[in-house]
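Participant: Structural data only, the sequence is not supplied:
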Ligand code: AMP
Ligand code: MG
């Protein structure tokens with residue numbers, strides 16, 4: 001059996017960063033920027049007013065000073081003449097500051113009678129002008145790779161970049177296996193349950209940037225599994241759920257090997273999720289997850305999400321563990337690394353009471369996986385431990 005760290009290294013060897021594609025900016029949120037982009041313009045493209053008020057000469061600004069209003073500069077429609085001594089131009093937020101003016105007195109500090117304004121309150125020393133290019137200038141760079149957040153999309157729109165080159169989404173095929181499973185919405189027989197972690201995994205993997213296809217449930221027969229693998233051929237990664245252990249109906253290892261799977265490893269020294277297998281089938285990477293709902297989801301966080309990030313070309317494929325203090329004591333750990341469902345709050349972290357790997361309700365209450373080394377001793381409240389946020 002190998003460690004989690006060794007397994008992750010082997011899994012990264014099974015997949016490579018994918019090719020790229022161009023998408024419209026409005027569809028690029030959450031995608032991974034694949035090449036650097038540069039602004040094609042200055043923002044703002046001219047010195048702009050940041051307030052509604054009057055544009056005047058700074059040297060003339062003082063309490064009780066009077067100016068003659070000679071025109072107006074609005075956002076989208078500049079005042080085309082110069083501001084001379086004793087003159088003011090009515091100006092609005094975002095409008096170009098006219099030539100000759102270098103100060104905007106805010107409207108609230110003035111009194112207007114016809115064409116005349118008087119400064120009635122201390123205008124201060126802030127000019128209320130945004131210099132040209134203060135936000136960004138032609139050539140300002142956004143460096144790849146980068147997961148595009150809403151803020152990045154707004155910035156790229158301002159830079160006038162309507163198309164963006166991103167890494168193609170990894171295509172993942174999910175195969176649930178088991179005669180006992182039916183899809184949500186179907187009517188289960190008396191001995192059946194609903195496929196669940198399949199849907200949790202799809203959500204988890206799409207959250208990190210993959211496109212996930214849920215294939216029809218494979219029965220625990222060689223033929224049914226072969227059919228499912230056949231449907232998954234064009235994927236970048238095939239993930240099976242269940243059937244990975246040593247029971248009479250655990251056929252995933254045998255069937256995948258008969259179809260040419262070159263195995264990279266089988267079994268990891270961890271809890272939950274020991275029977276995890278991985279390898280390559282032609283151009284496709286294959287990971288066989290244990291069926292227990294919590295094991296499958298924990299393996300999704302620890303192994304599949306990093307593989308997706310690696311395929312997307314992200315620099316930090318592995319989410320670093322964080323540290324927090326225990327708010328409740330922990331018993332000693334056994335010989336395997338343990339990823340315990342845990343609740344993190346402002347006081348620290350505590351492991352959930354029941355760690356059985358079938359309990360999705362406990363997983364749904366957790367917001368962290370508390371990471372324990374093999375043979376970690378008993379720990380009192382207050383000890384610092386490592387965790388992975390989920
Ligand atoms: P297996 O690895 O096939 O022995 O499955 C282990 C346990 O996980 C069994 O109780 C299965 O019923 C359950 N299981 C397997 N696949 C799923 C699934 N997709 N959704 C929910 N439970 C599952
Ligand atoms: Mg099964």
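Facilitator: Thanks, I have it. Because the structure is predicted, anything quoted here is derived from the model rather than measured. Ligands and ions are numbered 1, 2, ... in the order given.
Participant: rest of the way, CA atoms for contacts and neighbours
Facilitator: Fine.
Participant: Check for me that residue 333 belongs to a strand.
Facilitator: No. Secondary structure assignment (DSSP: H, G, I helix; E, B strand; the rest coil) places residue 333 in coil, not in a strand.
Participant: and it, how many neighbours?
Facilitator: Residues lying near residue 333 (other Cα atoms under 10 Å) number 16.
Participant: swap in residue 143?
Facilitator: Using other Cα under 10 Å: residue 143 sits among 12 other residues.
Participant: How about it, nearest residue that isn't a chain neighbour?
Facilitator: residue 36 (4.6 Å; Cα to Cα, 6 or more residues apart in numbering).
Participant: try residue 122
Facilitator: Residue 122 sits nearest to residue 63 (Cα to Cα, 6+ apart), 5.8 Å away.
Participant: Roughly how far does the one you found sit from ligand 2?
Facilitator: Applying Cα to the ion, to the nearest Å, the value for residue 63 to ligand 2 is 83 Å.
Participant: list the contacts for that residue?
Facilitator: Listed by Cα atoms under 8 Å, 6 or more residues apart in numbering, the contact set of residue 63 reads 119-123.
Participant: State the pLDDT value of the residue in the stretch 1-150 of the chain that ligand 1 sits nearest to.
Facilitator: Among all residues of the stretch 1-150 of the chain, residue 1 sits closest to ligand 1, at 17.8 Å; criterion: Cα to the nearest ligand atom. Note on residue 1: pLDDT of 89.
Participant: Report how many residues lie close to it.
Facilitator: Neighbours around residue 1, by other Cα under 10 Å: 13.
Participant: So it sits against residue 269, correct?
Facilitator: Yes. Between residue 1 and residue 269 there is a contact under Cα atoms under 8 Å: 5.6 Å.
Participant: The chain against ligand 1: which residues are in contact?
Facilitator: Taking Cα under 6 Å from any ligand atom as the contact definition, the chain meets ligand 1 at 176-178, 195-198, 241-245, 290-293.
Participant: one more time with 8 Å, if that's ok
Facilitator: Applying Cα under 8 Å from any ligand atom, we find that the chain lies next to ligand 1 at 176-178, 180-181, 193-198, 241-245, 247, 249-250, 289-293, 358.
Participant: Narrow the residues you listed to those in helices?
Facilitator: 197-198, 293 (DSSP state H).
Participant: Report how many residues lie close to residue 36.
Facilitator: When neighbours are counted by other Cα under 10 Å, residue 36 registers 13.
Participant: again but with residue 346, I slipped
Facilitator: 6.
Participant: Quick check: phi and psi on it?
Facilitator: Backbone torsions of residue 346, given as degrees, to the nearest 10, read phi -70, psi -20.
Participant: now swap in residue 305 and tell me
Facilitator: According to degrees, to the nearest 10, residue 305 has phi -60, psi -50.
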